[in-house]
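Participant: Whatever this is, show me its structure:
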Amino acid sequence: MIELSDDVVDLWIAPVQPARFEELLPRIARQLTASEIEAARRLISERHRILYAVSHAFTRSVLACYLGREESSIEMVHGEHGRPELRDRSLRFNLSHTEGIAVVAVTRSDDIGVDVERIDHLRRVAGLTRRVFTPAELQTWDGEPETFFSRWTLKEAYAKARGLGLSLGFHDFGFQLSEPPVLQCDPRLDDAGEWRFHSFEPLPGYRAAAAVRRRGPITWRRVAPEQAEALLPL
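Facilitator: Predicted coordinates:
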């Protein structure tokens with residue numbers, strides 16, 4: 001079992017390779033619940049079925065490393081806005097996935113959120129920035145996709161850590177892209193001093209961010225790629 005102290009966040013990163021869902025499923029079925037397998041089957045796109053099944057199997061395998069339980073026996077519940085939690089809250093975790101990658105963040109007891117996005121140089125992001133950036137962020141945006149996704153992943157991670165997701169207005173808060181990033185918001189929205197952030201490149205061509213509600217210092221511990229990939233029998 002992996003030990004985790006209160007001031008550490010572990011970041012697990014796994015590439016998700018293309019495959020055929022029905023060929024892959026027997027290899028990961030024991031890591032999933034029946035409801036998760038059914039949810040994957042209901043997805044229309046083959047690649048979305050693969051991504052959902054692999055990322056959820058990966059999450060359960062990661063949690064099993066800390067809990068010492070069988071993956072499918074780990075009980076989860078979902079909050080009002082869909083954030084999954086362990087029923088006994090013995091650990092806090094968050095999952096994000098996009099085409100080609102899954103990222104899981106784990107901490108002992110603090111609110112946690114993570115987001116990962118593929119940097120798409122062809123995506124037209126200018127229109128979206130006007131809806132999700134603060135005036136200060138718009139003034140400093142250099143037009144580069146990398147900068148856009150650095151801010152977007154921080155906003156997503158923060159919103160997920162608060163358990164609000166996209167119901168939180170992204171144009172109401174922003175970030176100073178320093179090292180580490182700093183939350184900028186009206187004190188009536190939140191106390192920025194309660195949060196710690198990490199922005200990173202999980203794999204080439206991707207951008208990710210994690211947010212944790214903690215006033216003290218945090219150690220961001222990136223799990224070795226070979227240790228993460230060993231959890232998925234792909």
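
Participant: in the longest helix anywhere in the chain, what counts as buried?
Facilitator: Determined from DSSP state H, the single longest helix within the chain is helix 46-67. Within helix 46-67, the residues that qualify as buried are 49-67, counting by 16 or more other Cβ atoms under 10 Å. Heads up, the C-betas are built off the backbone N, CA and C, glycines and all.

Participant: Equivalent analysis for stretch 183-202, please.
Facilitator: Neighbour count says stretch 183-202 has L183, C185, D190, W195, R196, F197, H198, S199, F200, P202 buried, by 16+ other Cβ under 10 Å.

Participant: Compute the mean per-residue pLDDT across it, please.
Facilitator: Mean per-residue pLDDT for stretch 183-202: 92.

Participant: distance between the ends of that stretch?
Facilitator: Stretch 183-202 has its terminal residues 21 Å apart, counting by Cα to Cα, to the nearest Å.

Participant: just checking, what packs against the helix or strand bottoming out on mean pLDDT in the chain?
Facilitator: Using mean pLDDT, DSSP states H and E, helix 126-132 stands out as the lowest-scoring helix or strand of the chain, at a mean of 80. When contacts are defined as 3 or more Cβ pairs under 8 Å, 6 or more residues apart in numbering; DSSP states H and E, helix 126-132 packs onto helix 135-140, helix 145-161.

Participant: Packed most tightly, which of those helices would that be?
Facilitator: Mean neighbour count, computed with mean count of other Cβ atoms under 10 Å, is highest for helix 145-161 among these, reaching a mean of 23.

Participant: Can I get it in CSV, CA atoms only?
Facilitator: C-alpha atoms of helix 145-161 as CSV (Å, rounded to 0.1, in the frame of the first residue of the first chain):
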residue,chain,number,x,y,z
PRO,A,145,-3.3,27.9,-27.5
GLU,A,146,-0.8,26.9,-24.8
THR,A,147,-1.7,30.0,-22.8
PHE,A,148,-5.4,29.5,-23.3
PHE,A,149,-5.3,25.9,-22.0
SER,A,150,-3.0,26.8,-19.1
ARG,A,151,-5.8,29.1,-17.9
TRP,A,152,-8.7,26.8,-18.9
THR,A,153,-7.3,23.8,-17.0
LEU,A,154,-6.7,25.9,-13.9
LYS,A,155,-10.3,27.1,-14.0
GLU,A,156,-11.6,23.6,-14.6
ALA,A,157,-9.5,22.1,-11.8
TYR,A,158,-10.6,24.8,-9.3
ALA,A,159,-14.3,24.5,-10.2
LYS,A,160,-14.1,20.7,-9.8
ALA,A,161,-12.3,21.0,-6.5
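
Participant: show me what contacts the residue located most distally from the centre of the chain?
Facilitator: Residue farthest from the centre of the chain, counting by Cα atoms, centre = their mean, is Q139 at 27.6 Å. By Cβ atoms under 8 Å, 6 or more residues apart in numbering, no residues touch Q139.

Participant: Is D120 located within a strand, as I assumed?
Facilitator: No. The assignment for D120, made by DSSP: H, G, I helix; E, B strand; the rest coil, is coil rather than a strand.

Participant: where does it land on pLDDT?
Facilitator: 81.

Participant: How about it, nearest residue that isn't a chain neighbour?
Facilitator: Excluding its sequence neighbours, the residue lying closest to D120 (Cβ to Cβ, 6 or more residues apart in numbering) is P145, at 6.6 Å.
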